[in-house]
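Student: All I have is the shape, not the residue letters:
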Ligand code: SF4
């Protein structure tokens with residue numbers, strides 16, 4: 001009897017990686033999934049925080065996909081080593097600060113480590129030739145295989161017919177004829193295959209699997225690096241960039257103002273680590289002050305916050321200012337008028 005082969009599948013939670021794993025499972029291969037947590041994942045975080053997103057189903061799509069497929073999923077936190085990918089991508093960034101090609105190489109490399117350590121035979125991904133302009137092109141596919149060290153143990157079941165046969169195909173561990181030749185940006189073949197398998201519920205493609213593909217988010221990250229004079233971040237930095245209105249009146253400080261109840265609750269968890277402001281005479285949001293503000297900056301910050309409180313049309317709003325040592329004082333300020341907040345302050 002031939003030995004049952006084992007494949008490790010990169011599972012993002014989207015349709016493509018789900019289908020790739022399904023295609024291989026259907027061939028009798030033992031499949032387990034890996035999902036890498038980078039800190040920039042779109043899944044769950046803001047949807048869980050924001051009140052307006054509350055109707056959306058909150059689930060970890062990678063876990064959900066694994067459950068649908070009936071496979072084991074390994075969620076691996078790579079947020080620390082992943083920093084080097086974001087800060088120094090060898091192949092540069094995409095349209096925003098998304099280092100997709102370096103990211104793919106890094107993740108496949110991580111899957112290769114897992115494969116070797118756990119006695120698996122090959123790796124599968126849901127990549128499709130021509131699907132993404134930078135990381136999923138015919139010329140970058142061999143590059144990912146080579147630089148990750150996975151070489152011909154990396155199989156892309158959805159577009160295998162457009163690529164040279166890999167080891168699992170040559171060795172007969174999988175039947176190449178039963179793989180696919182998808183290419184280009186169209187999603188129709190994936191949708192047809194999903195229908196063929198009776199898969200009706202799946203995460204809709206949203207332009208990317210992480211916040212780094214988002215223009216506004218990347219703008220905030222670039223602003224953070226510019227203000228600090230160096231490219232660096234920690235996990236709290238990148239979490240806070242997902243939340244609130246970021247207003248930078250000057251290079252040495254910025255405000256993070258909650259836009260709604262859910263965001264205010266989230267920012268509450270950070271209040272003791274930041275100078276912060278809360279309107280007391282009128283209902284309004286919490287604002288964290290990031291940076292090294294001087295006294296007059298804090299008055300300006302209080303006036304900005306007052307603008308976003310329900311006292312925005314009042315003559316004066318009372319704002320409580322709390323410093324890092326926990327001492328606080330009350331400030332009476334006139335709310336800024338909308339035209340006194342230049343567009344350039346909005347990060
Ligand atoms: S979108 Fe984000 S997670 Fe996906 S390949 Fe690009 S950088 Fe990596």
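Tutor: Sure thing, it's come through. The structure displayed is predicted, hence computed values, not measured ones. Numbering: from 1, shown residues only.

Student: need the next SSE after the helix or strand of the chain with the lowest mean pLDDT, C-terminal direction.
Tutor: Lowest by mean pLDDT, DSSP states H and E among the helices and strands of the chain is helix 45-49, with a mean of 60. Using DSSP states H and E, the helix or strand that directly follows helix 45-49 along the chain is helix 61-69.

Student: That following helix: how far from the chain's middle?
Tutor: Distance of helix 61-69 from the chain centroid (C-alpha atoms, centre = their mean, to the nearest Å) equals 18 Å.

Student: check whether that helix contacts the ligand.
Tutor: No. Between helix 61-69 and the ligand, judged by C-beta under 6 Å from any ligand atom, nothing touches; the nearest distance is 12.0 Å. (Each C-beta comes from the backbone N, C-alpha and C, glycine too.)

Student: Report the buried residues of that helix.
Tutor: For helix 61-69, a neighbour-count test (16 or more other C-beta atoms under 10 Å) marks 61-66, 69 as buried.

Student: Could I get the full set of helices for this protein?
Tutor: Taking DSSP state H as the test, the helices found in the chain are 15-25, 45-49, 61-69, 79-87, 100-118, 140-148, 167-170, 188-196, 215-228, 235-240, 261-268, 295-307.

Student: ok and the fourth one relative to helix 100-118, angle-wise?
Tutor: Taking axes from the mean of the first three to the mean of the last three C-alpha atoms, to 10 degrees, one finds that helix 79-87 is oriented at 150 degrees with respect to helix 100-118.

Student: and if you look at the third one?
Tutor: Computed with the same axes, to 10 degrees, the direction of helix 61-69 lies at 50 degrees from that of helix 100-118.

Student: Packing partners of helix 61-69?
Tutor: If you count contacts as 3 or more C-beta pairs under 8 Å, 6 or more residues apart in numbering; DSSP states H and E, helix 61-69 packs onto helix 15-25, strand 30-37, strand 73-77.

Student: Give me the contact list for the longest one.
Tutor: The reference is to helix 15-25. Here helix 15-25 makes contact (C-beta atoms under 8 Å, 6 or more residues apart in numbering) with 7, 9-11, 31, 33, 65, 68-69, 71, 124-128, 131, 155-158, 174, 178-180, 187, 190-191, 193-194, 197, 199, 202-203, 205.

Student: Any buried residues in it, and which?
Tutor: Residues of helix 15-25 classed as buried: 15-25 (neighbour count, 16+ other C-beta under 10 Å).

Student: In CSV, list the residues you listed along with distance to the ligand and pLDDT.
Tutor: Formatted as CSV, the buried residues of helix 15-25 follow (distance: C-beta to the nearest ligand atom, whole Å; pLDDT from 0 to 100):
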residue, distance to the ligand, pLDDT
15, 14, 93
16, 11, 94
17, 11, 95
18, 15, 96
19, 17, 97
20, 15, 98
21, 17, 98
22, 20, 98
23, 21, 98
24, 21, 98
25, 23, 98
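
Student: Would you pull up how far stretch 154-164 lies from the middle of the chain?
Tutor: Stretch 154-164 has its C-alpha centroid displaced from the chain centroid by 26 Å (C-alpha atoms, centre = their mean).

Student: neighbouring contacts of that stretch?
Tutor: Residues contacting stretch 154-164 (C-beta under 8 Å, 6+ apart): 7, 16, 19-20, 23-24, 108, 122-129, 138, 141, 144-145, 148, 152, 166, 168-169, 174, 176, 179-183, 189-190, 193.

Student: returning to what we had before: keep only those of the contacts of helix 15-25 that are in strands.
Tutor: 7, 9-10, 31, 33, 124, 155 (DSSP state E).

Student: Let me know the closest of those residues to residue 243.
Tutor: Distance to residue 243 across those (C-beta to C-beta) is lowest for residue 10, with 28.0 Å.

Student: who's in contact with the closest residue to the closest one other than its chain neighbours?
Tutor: Leaving aside its sequence neighbours, residue 10 sits nearest to residue 125 (C-beta to C-beta, 6 or more residues apart in numbering; 4.8 Å). Shown in contact with residue 125 (C-beta under 8 Å, 6+ apart): 9-10, 17, 20, 108, 154, 156.

Student: for residue 135, what are its contacts?
Tutor: When contacts are counted by C-beta under 8 Å, 6+ apart, residue 135 touches 94, 100-101, 103-104, 127, 144.

Student: related to what we said a few turns ago, export the helices and strands packed on helix 61-69 as a markdown table, with columns for distance to residue 283.
Tutor: Converted to a markdown table, the helices and strands packed on helix 61-69 look like this (distance: least, C-beta to C-beta, whole Å):
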| stretch | distance to residue 283 |
| --- | --- |
| helix 15-25 | 43 |
| strand 30-37 | 36 |
| strand 73-77 | 38 |
